[in-house]
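Participant: Kindly generate the corresponding structure for this input.
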Amino acid sequence: MFDVIKTHIDGLDAILAGGIRFPEEGAAFVFLTGGPGSGKTILGLELVARQWLNAEDGSTCLYYSVEHTPRSLFRKLAYDFGYHGTRAQVRLLPEEVSHKLVLEATTEKGTSRLVLTQATPAALDNESPASSVDIDWILAEVENHRLAGPVRMVCVDNVGLLLTGLDYYGKRRALLATRRKLNRLGVHGVFVQETTDANDMRIPSAEEFSTDVLIELSFQDQAGQFKARTIEIQKARHQYYYRGPHHFSIAGRGVIRDTYLGARNERGPGIHVYPSVAAQLSIARDSHEGRVPARGRDVLDVGVSTLISGFLDGTGPTARSSTVLLAEPGTRYTYLALRFLAAGCAAGDHSLLVSTKEDTDALLRIAERDNDLRQQIVADHKFRDELRVLYLHPEFISAGKFTSDLMQFVGEEHEPQVTRLAFDNIYRLDDRFPLLAGQTFMIPAMLDMLRYRGVTPLFIDLIPPGCAEGRTEFDPARYMITFDHVLHVFLREEDGAHRPYVRVLKSSTGVFSRQAMPLNVTGC
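Facilitator: Numbering: from 1, shown residues only. Okay, here's the model as predicted:
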């Protein structure tokens, strides 16, 4: 049988399918690898700190660093990351020796300690340069701490510098012996190792590490000169995990989610992992045991009745069905999106408008010019609580963060949950958000994930003018295979004026008229 240790790091438990699994009456052994500056130390420190801040009364966590002083690590935890936003009362105990600091946290579970130690000979004994700190010395300290109480986790950063006196096979033996010792003691171990040349046989390769979980941090060159942080589970011995590279970010103290998606907006201080789009869809499917929520049967009020006049026999968009509006310029598609959401608010739903085109003030002005919209979704010159607006800025946001943030806004984190969403618009997202270039799978995956969450989406995309008359080549195939309903809104010249029309290109029922229908938007 197995037990699970939660990392409590945003997104990391998700790609580990719930956390780090290990045999009962044993312990987990984790290796963090990566190049310089990849975030290894921050991840190792946060893994230990979160175990300390969530530990049972009387527990101790240990952190050994070859390169960083205890005082610098303390500053990172206290000032850079604010103890990761927890409400624990933390105090620094009087310093007894120069190479060690002890932090004590009081939480609802009781009092626990984090011991920060600099594991270098010079720091331990300046007068005795021949003294050595090795793995055996650290394991002996672990046993000494266990005499006073349970030890939850120990982290060693950078373990490679403690093994420089050993040959290749000696390092392997040391790591195997360390794993067996920690497992016997029931202490979770986290070792941080800087990646070297893959052809350098002086350091054990990833496959040869005697570890339960191997996590690799790295950078990916994207969008020209931009480097995105990636994290990948290379090995997880006792569990299922979501493969492939996932993006992550590091946020400092005081960096909190704002009202828009952005590369600099996070849910709190520390590391945030954003599973790949494919992984997010797999996680959603796994959490629903593969059962896809059924679409509704009753036709929805979309706010403008003539918009769906081309659907026949009482058919049209229903709850949890997806619709895309292919809009030619000048067709007031933003107004149609607002009417769609306002109809949901009138029915008691909560709605979300995601805009890559207009900010909140511009959208509010559109709504205030229409009597119906003003009464339904505006109060005191701002949108009612039933309608939330997210204005997307052009930033370096990975596809994983883009979809993850969006799902957070419509998910259980916000009560009551969003049941209608309009995305205005998805025209050439890769131009506005460079890291989304080539992410052709993102929109279909996003629609599936919204459906799992019970959200009815309306997406808008711009297409060239004159498509209805065949003056411009346009292939709607990718929309036809992605959305349940595809509508084309365009302008037709009549009596010297341009009047809006709508035609249905696809319906999930297949019952619709192929003729263009007049679109009445006189309220705008």
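
Participant: Compute the distance between residue 194 and residue 465, please.
Facilitator: In this view, residue 194 and residue 465 are 56 Å apart by CB to CB, to the nearest Å. For glycine as for every other residue, the C-beta is placed from the backbone atoms N, C-alpha and C.

Participant: ok, those two, which is more surrounded?
Facilitator: residue 194 (19 against 15; other CB atoms under 10 Å).

Participant: Got the confidence number for that one?
Facilitator: Residue 194 carries a pLDDT value of 83.

Participant: number of nearby residues for the nearest residue to it once chain neighbours are set aside?
Facilitator: Spatially, and ignoring its direct neighbours in sequence, residue 194 is nearest to residue 158 (5.7 Å; CB to CB, 6 or more residues apart in numbering). By other CB under 10 Å, the residues close to residue 158 number 21.

Participant: looking at it, residue 158 is touching residue 164, isn't it?
Facilitator: No. Assessed by CB atoms under 8 Å, residue 158 is found out of contact with residue 164, at 10.5 Å.

Participant: Let me know whether residue 76 touches residue 46 as I believe.
Facilitator: No. Counting by CB under 8 Å, residue 76 sits too far from residue 46 to count as a contact (9.5 Å).

Participant: Provide the backbone phi and psi angles at residue 212.
Facilitator: phi -80, psi -40 (degrees, to the nearest 10).

Participant: who are the neighbours in contact with it?
Facilitator: Each residue near residue 212 by CB atoms under 8 Å, 6 or more residues apart in numbering is listed here: 20, 22, 28, 29, 30, 236, 237, 238.

Participant: Touching, the last one and residue 21? I think so.
Facilitator: Yes. Taking contacts as CB under 8 Å, residue 238 lies within contact range of residue 21: 4.7 Å.

Participant: So for the two, which residue has more residues nearby?
Facilitator: Using other CB under 10 Å as the criterion, residue 238 and residue 21 rank with residue 21 on top: 20 against 15.

Participant: Mind giving me the packing neighbours of the longest helix seen in the chain?
Facilitator: Ranked by residue count and defined by DSSP state H, the top helix of the chain is helix 168-185. Packing contacts for helix 168-185, counted by 3 or more CB pairs under 8 Å, 6 or more residues apart in numbering; DSSP states H and E, involve strand 29-34, helix 135-148, strand 188-194.

Participant: try 6 Å
Facilitator: helix 135-148 (3 or more CB pairs under 6 Å, 6 or more residues apart in numbering; DSSP states H and E).

Participant: And the next helix or strand past the helix it packs on?
Facilitator: Using DSSP states H and E, the helix or strand that follows helix 135-148 in sequence is strand 151-157.

Participant: where does the stretch 201-350 of the chain have low pLDDT?
Facilitator: Scanning the stretch 201-350 of the chain for pLDDT under 70 picks out the ranges 201-210, 223-224, 255-260.

Participant: let's go with 90 and repeat that
Facilitator: 201-212, 220-228, 237-238, 251-269, 290, 292 (pLDDT under 90).

Participant: which residue ranges form the helices in it?
Facilitator: 277-287, 333-346 (DSSP state H, counting those that start in this stretch).

Participant: can you redo those as a markdown table with distance to residue 479?
Facilitator: Below are those laid out as a markdown table (distance: least, CB to CB, whole Å):
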| stretch | distance to residue 479 |
| --- | --- |
| helix 277-287 | 19 |
| helix 333-346 | 15 |
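
Participant: which of these is buried the deepest?
Facilitator: Stretch with highest mean neighbour count among those: helix 333-346 (a mean of 24; mean count of other CB atoms under 10 Å).

Participant: starting at the chain centroid, how far to it?
Facilitator: Chain-centre distance of helix 333-346: 28 Å, with CA atoms, centre = their mean, to the nearest Å.

Participant: Please compute how far the helix or strand following that helix lies from its chain's middle.
Facilitator: Heading C-terminal from helix 333-346, the first helix or strand you meet, by DSSP H and E, is strand 351-355. Distance, stretch centre to chain centre, for strand 351-355: 19 Å (CA atoms, centre = their mean).
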